[in-house]
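Undergrad: here is the input, now give the coordinates:
(2 chains)
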Amino acid sequence: MEYQAREIEQKWKKYWVENEVYRVSNQSDRPKYYVLDMFPYPSGSGLHVGHPLGYIASDIYARYKRLKGFNVLHPMGYDAFGLPAEQYALQTGIHPAVSTARNIKRYREQLDNIGLSFDWSREVVTSDPKYYKWTQWIFLQLFKHYYDPEEQKPKPISELIAHFEQYGNADIAAHTAQKETFSAEQWKAMSPAEKDAVLMNYRLAYRQLTYVNWCEALGTVLSNDEVKDGVSERGGHPVVRKPMMQWLLRITAYAERLLNDLQELAWSDAMKKMQSNWIGRSEGAQIFFPLAGSEQKIEVFTTRPDTIFGATFMVLAPEHPLVKEITTETQKAEVEKYLDYVNARSERERQAEKNITGAFTGAYALNPLLPADDPRAKIPVWISEYVLPDYGTGAIMAVPGEDERDFRFAQHFDLPVIEVVDKSQYPEAERGDKVGRMIHSDLLNGLEVKDAIPRIIEEIEKRGLGQKRITYKLRDAIFSRQRYWGEPFPIVYDPEGVAHPLDERELPLELPPLDDFKPASDGRSPLARLTDWVNLPNGYRRETDTMPGYAGSSWYFLRYMDPHNDQNFASPEALNYWRDVDLYVGGTEHATGHLLYSRFWHKFLHDLGYVPTKEPFKKLINQGMIQGVIEFAYLQKEKVNGYSRFVCARLAKMEPEHEFAHIPIPIQFVKDYGTEASYLDTESIEKFIQWRPEFKDAIFECANGIYHKGTFTPKNGAAGSHLFTHSETGKMSKRYHNVVNPDDVIERYGADCFRMYEMFLGPVEQSKPWSTKGIDGVYKFLRRFWQMFFDEQGRWALTQEQPDKKELKALHATLKKVSEDIERFSFNTCVSAFMSLVNELRTLKTRKRAILEPLVIAMAPFAPHITEELWHRFGHESSVHLADFPAIDESYLVEDTLVYPISINGKRRAEAEFPAQADKATIEQEALKLEAIQKWIEGKPVKRVIVVPGRMINIVV
RNA sequence: GCCGAAGUGGCGGAACUGGUAGACGCGCUGGAUUCAAAAUCCAGUGGCCGCGAGGCCGUGUGGGUUCGAGUCCCACCUUCGGUACCA
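TA: Numbers count the residues shown, from 1 in each chain, chains lettered A, B, ... in the order given. This next block holds a predicted model:
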C-alpha cells in the first residue's frame, strides 16, 4: 500500500483542530512543562526553511514531554511591531497593520503546514492594543520606580520625593546618574522642570540626551544596520551622530544581578559568557584629575589605579562635554577637524579601527598624586575615537607602560612612556598583565601589583581624590524610536516640558491611524505630524516617539500563561502555576539583546511581586541558522557604449573588485547554485532579463561568448553561454532572492518527511547552508516504515505473535537511545536510530504488533501525521499524541559477551570476544596469548597492559 | 578590532565521560528486476600500496600532554553569529 503523505497529513491536521488535541489547561494534576520558541517577527518574505529548525526541535520535545506525562504549555505568537513593516509602508503606502496582518496569516498557514503542536488559543500579537496595554503598563511601572541597590529592589518614586523633601538626596541608597547633591530646601526651591530633570536621573525609565545616527537627506534616524561606511545604505547619503532626547531603561541598575544569576541557568557556557562579557563588570577606581589653570576636573575610571604614576597623557572621548571648554585657541582648528572625522563614524568602526587617530586639545591635567610643581605631574589631554563616551566616564588616564592600546597611541604621537611595573620576574607576562613589582611609583615602589591596587585606592580615598568603583560595560538601553509602528509611550508633557504618566485606567493608549509614514521634521516620528493627536486640550502634548521592538518581546512569555486577561498582564494563579519557561529554543543572535532585556523585565516584575521566579528561562537551547546560498552576478559599474555590462565571475575576479557591483540573482535562475561553478546559461539569462527588464539590452560577457539582445555569440565555437556567478553563504532573505519556502518542500515530500529531514541534517545547534541533498533518504525511510504494516496486497498485516529476543532487544535499544537523545537535544541521531531499527526489523521481517506499536508512539513526536494514521489503524479512538511513551526494559539489552579491540601502542591490531563478567587479569592473560598479538610483541618486552572493562585493551611494548 | 561558535570521506553528519574514526543517509560504482526508464531490491565505497593476507597515511594547519587525542593544552588559518535602532 502506497504511503500517501498529503492525504494522511490533511486528515489529521483537521482532526487535531476539531478535537483541540493541543489545547492546554492551567489546571492539571500533571507536572507542568513550558516549551517556548523565540518570538518570530512576521516578515514579508514569509517563513523560510531555516525558521522551522528550532520550531521542529521544540515541537518534538514538547510532544515527547506530553507522552511522558507532563502538562505542556507550547504557545506561539508574533512580535509584530518593527521597522520592516514601516519601510514597506513607506514604499507602498500599505498600512503596517494591514501588511502585518497579512504576513501573520501567511506565517500561520506555514506553521500549521509543518504540523506543530501549538495551543493557538493562546496566540499573542504585540501590536494588538489588548497586548500592548500591558507593555505600556510595565513601562509606567519602570517610570514610577527607582532602584535601591542596598535592598536590591525597586521603590516608588513617590518615596524618593518624600525623602528629598525631608533630607535632600545625600543619604539615599539609589542607583542614579545624579552627581550633584542637594538639601531638602534646595529641592523644594526647584522648579517643576528642574525637579523632573533630577527625578529622570533616578527613574528606571527615563529621558536623556543620547546620540543617534542622523541622516539629513532622508530626514530620519537610522539603525547601525542601515549605515555603511558613514553613509546610509539606502541612497548613500551622509550620516552623522547627533544628540537627541530619548527614553532609556536603567538596566544598569540590575547589572550585578543579571551577572550573578547567570550561574543558576541551564544555558550553554558560551551563551553565559557572551552575556557576562556584555555586562562587562570591572573593578577599579574613579579618580579626579584637576586641569591645569582651571577649576574643572576630569573624572576617569581605571582598572589599574596602581599605574597612576605611569600616566603620561589623558584621552577624552571626542563627545566629552569638557572638550569644547578646554581646547586652546591654537589647537581649535585641529580638534574641530578631528571631531568632524569622528562624527561621521559609527561606534563599531571606531572600536574596530586599527589605525591610531587623535588630536591634542592643548590642555593639561595634573596628576593628583604628585605635587603640582613636580615636572611629572603635568600631562597633556588628548581626544581619540577609541575612548567611547558611554563607557566608564568617557575619559581615561593613559598608561602606555601598562596598556597596549595606550602604548601604540604614545608611539604614534611620540608621547613619553614610563615603565611602572617591573616584570623581570615574570618572563611570560605581557604589557597589561597584572603581575610584577611597582617601580617609579613613589609610595607604591616595591609592592606587587595585586597589593599595590588596594594600597593606592586607600590612598586616593584618604586624600579625597576619588574612590573604589565598579563599572559595567553594559549601558542603559535606548528605548525610543522615531518611528510610527511601535507602542506609543503613555506619557504627556506639560507646557514646561515635564513628563507625566497617563493614568493606568487610560491604557491602552492606542496608536492613532495614519496614512503617510514619512518622518516628521527634525527626525521626529510620523506621529508628530498628527497635531490633533499630539496636542491635548489642556495644553499638554503627547510623546511622539514609540517603543522599540524589544518592548513587546521582553515579557511575552508571561502573557502566554493567561493571554486573555484584561485585569492583569496575567493572573497570579496562572503565573504561579506556569512560573517560568522550562525550555527556550532560539538563535544565538539574541544573546545580548532580547535575552538580557527579558531577564531584566522579569526581575523587575519579580521584585514588584508579580512573578514568582527570579529568572524567566531555565534552560536554553540555541538552534543554528540555516543559511542560504547567495548568488551574485558582477555588473560593471561603468556602462559600455551606453549598455550595462555583466561580466562572468571568473573574468571579473581578474580585475579590480571596486569596478563591479554585486547584483543578487534569484537562486532558481542559477544552475548548480551554491557550487564553485554556479552559472547562468542562455535560458537563465533570459529569465533574469524578464525579471529585471531594465537589463534587457545589457551585455553578458561569458567565459565562452557574449550574449546581447537575445543572441549568443560563442567564442571559439563553444555551445551555450556560461556566465559564472559568485556564490556565498549568508542569511536567507528577500533582498538576496534566496528564500526557500518550507511549503514547497512539504508539497513534494510531506510535513513528516520535512520535519525528520530538518532534524536529520545535523545537530540543532549547528549552522549550515540549506540543501535538499539527502531528503530522498528520509522519504525512502518513511515509505519503508509505512510498508512494514502492510502486505503485498496492501492489507493491514500485523500479527499478535510474541516477539523474540532479537526483536525486543532491537526495539528497546532504540527506545533507550531515542529517549536519551531527545533529552540531550540530539534529534539527528534519533532519526538515524529509527532508520537503523527499521532496517533491522525489515531483515527480521517483523510484523508483530508488540514491536511496531511502541515504535509508532516513539516516532510520534518526529512524524506526528503518519504515526497518528497508523495508531488509528491499530484501532485506537484517541490521538497517539495523548498516549504514554513505551516503558524501556533494560533486561533485554544485557550482553553475555563483549568484543574487545586490542591495540599495540595505541594502534588497533586485533579483536577478541570475552564473557561480559570476565575480570581484568583474565582478559589480560587471554589477550597476550592471541596469535595476532603474539606476532606484534614477538621479541619485545611487554611494558604495560591497559584493560578498560567493556571498552578496550592496549598493550605497550 | 572585541566577544562567542564551528572546521571529520565526493556531500550532510556519527563517535555522549580521552578508549575500534567515518554509525545513519545522500552521492557514486557494480549487479538483480524491466522491452526501456522510473521506482524497488542486493553488494561495494576515506586515501595510498598490495593478486591476497595485510601494511602505511588520515578528523583545518603547526606544536604539546598521554599507554592512547576528532575529543585536553598552546599558537595560527578559514567560515559563521553578535557588536547596543534588523528582529
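Undergrad: residue ranges in chain A under the pLDDT threshold?
TA: Low-confidence segments of chain A, defined by pLDDT under 70, are located at A:675-677, A:716-721.
Undergrad: domain map for it?
TA: Following automatic domain parsing, one gets these domains for chain A: A:22-138+A:549-622, A:146-253+A:477-502+A:519-542, A:281-472, A:626-730, A:742-892, A:895-956.
Undergrad: the first one near RNA strand B anywhere?
TA: Yes - judged by CB under 7 Å from any atom of the strand, domain A:22-138+A:549-622 comes into contact with RNA strand B at A:39-41, A:79, A:82-84, A:549, A:553, A:587-593. The way it works is simple: take the backbone N, C-alpha and C, and place the C-beta from them, glycine included.
Undergrad: just the buried residues of these.
TA: Buried members of these, scored by 16 or more other CB atoms under 10 Å, are A:39-41, A:79, A:82-84, A:549, A:553, A:587-588, A:590-593.
Undergrad: if you look at those, which of them are in strands?
TA: Judged by DSSP state E, the subset of those located in strands is empty.
Undergrad: returning to that earlier point: mean neighbour count, the domains of chain A: which tops it?
TA: Here the criterion is mean neighbour count by mean count of other CB atoms under 10 Å, and of those the winner is domain A:22-138+A:549-622, at a mean of 20.
Undergrad: and the nearest residue to residue A:350 once chain neighbours are set aside, which of the three is it?
TA: Of all residues not flanking residue A:350 in the chain, residue A:385 sits nearest, at 4.3 Å (CB to CB, 6 or more residues apart in numbering). Three-state assignment for residue A:385 (DSSP: H, G, I helix; E, B strand; the rest coil): coil.
Undergrad: list the contacts of residue A:385.
TA: Taking CB atoms under 8 Å, 6 or more residues apart in numbering, we find residue A:385 in contact with A:318, A:342, A:345, A:350, A:353, A:357, A:358.
Undergrad: let me know the closest of those to residue A:864.
TA: residue A:350 (51.2 Å; CB to CB).
Undergrad: which SS state does that closest one fall under?
TA: Going by three-state DSSP, the secondary structure assigned to residue A:350 is helix.
Undergrad: for it, give me its contacts.
TA: Under the criterion of CB under 8 Å, 6+ apart, the neighbours of residue A:350 are A:342, A:385, A:386, A:388.
Undergrad: mind running it again at 10 Å?
TA: A:317, A:318, A:342, A:357, A:384, A:385, A:386, A:387, A:388 (CB atoms under 10 Å, 6 or more residues apart in numbering).
Undergrad: within the helices and strands, which one has residue A:584?
TA: Assigned by DSSP states H and E, residue A:584 belongs to strand A:581-586.
Undergrad: packing partners of that strand?
TA: Secondary-structure packing of strand A:581-586 (3 or more CB pairs under 10 Å, 6 or more residues apart in numbering; DSSP states H and E): strand A:32-37, helix A:52-67, strand A:71-73, helix A:556-559, helix A:594-607, strand A:617-622.
Undergrad: of all the ones you listed, which lies closest to residue A:467?
TA: Residue A:467 sits nearest to helix A:594-607 of all those, at 26.9 Å, using CB to CB.
Undergrad: what does the stretch 351-500 of chain A have sitting close to RNA strand B?
TA: A:351-352, A:354, A:391, A:473-475, A:477-478, A:480-483.
Undergrad: please, where are all the strands along the stretch 51-200 of chain A?
TA: A:71-73, A:145-148, A:153-156 (DSSP state E, counting those that start in this stretch).
Undergrad: give me the sheet partners of the shortest one and which way each runs.
TA: To tie it back to what came earlier, the one meant is strand A:71-73. strand A:32-37 (parallel) (DSSP bridges).
Undergrad: quick revisit: right, so of the strands of the stretch 51-200 of chain A, which gets closest to residue A:557?
TA: Judging these by CB to CB, what sits closest to residue A:557 is strand A:71-73, at 9.7 Å.
Undergrad: any idea how far that closest one is from the chain center?
TA: Offset of strand A:71-73 from its chain centre (CA atoms, centre = their mean, to the nearest Å): 26 Å.
Undergrad: same check on stretch A:420-429?
TA: For stretch A:420-429, the distance to the chain centre is 40 Å (CA atoms, centre = their mean).
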